[in-house]
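**Student:** Show me how the following folds:
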Amino acid sequence: MKKVYKTLTADQKERGVIFSSQLCPGTTIHEVKATDRDRYAVIDRLKDDKFFNNSPYKYNLIRQ
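**Tutor:** Down below sits the predicted model:
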């Protein structure tokens with residue numbers, strides 16, 4: 001699976017999001033906020049996409 005890195009959207013920045021991940025094609029976006037207690041562990045888990053290597057998802061869209 002390929003990782004695609006982009007910057008956070010203006011809306012995400014306003015809401016305090018520091019990281020988001022979306023498997024594409026797909027509609028579910030996982031977001032991590034600066035106030036989340038276990039934010040670093042969650043970010044590490046969302047970056048680890050090897051489980052989806054043989055799935056219909058083409059890439060992991062990561063915004064930070």
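
**Student:** Who does the strand or helix carrying I62 pair with, and is each partner parallel or antiparallel?
**Tutor:** Per DSSP states H and E: I62 is located in strand 59-63. Strand 59-63 has the following strand partners under DSSP bridges: strand 2-6 (parallel), strand 17-24 (antiparallel).

**Student:** Share the number of residues neighbouring S20, please.
**Tutor:** Around S20 there are 20 other residues, counting by other Cβ atoms under 10 Å. From N, CA and C alone the C-beta is placed, and that goes for glycine too.

**Student:** thinking again about what came up before, please work out which of the strands paired with strand 59-63 is packed deepest.
**Tutor:** Comparing the strands paired with strand 59-63 by mean neighbour count (mean count of other Cβ atoms under 10 Å), strand 17-24 ranks first with a mean of 19.

**Student:** before we move on, the earlier item: is it possible to export the strands paired with strand 59-63 to TSV including mean pLDDT and distance to Y57?
**Tutor:** Shown next, in TSV, are the strands paired with strand 59-63 (pLDDT from 0 to 100; distance: least, Cβ to Cβ, whole Å):
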stretch	mean pLDDT	distance to Y57
strand 2-6	95	10
strand 17-24	96	4
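
**Student:** Dump these to CSV, plus distance to N60.
**Tutor:** CSV is the format used below for those (distance: least, Cβ to Cβ, whole Å):
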stretch, distance to N60
strand 2-6, 5
strand 17-24, 6
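
**Student:** For the residue nearest the centre of the chain, give the beta-bridge partners.
**Tutor:** For the chain, S21 is the residue whose C-alpha lies nearest the centre (Cα atoms, centre = their mean; 1.3 Å). When bridges are called by DSSP bridges, S21 pairs up with H30, I62.
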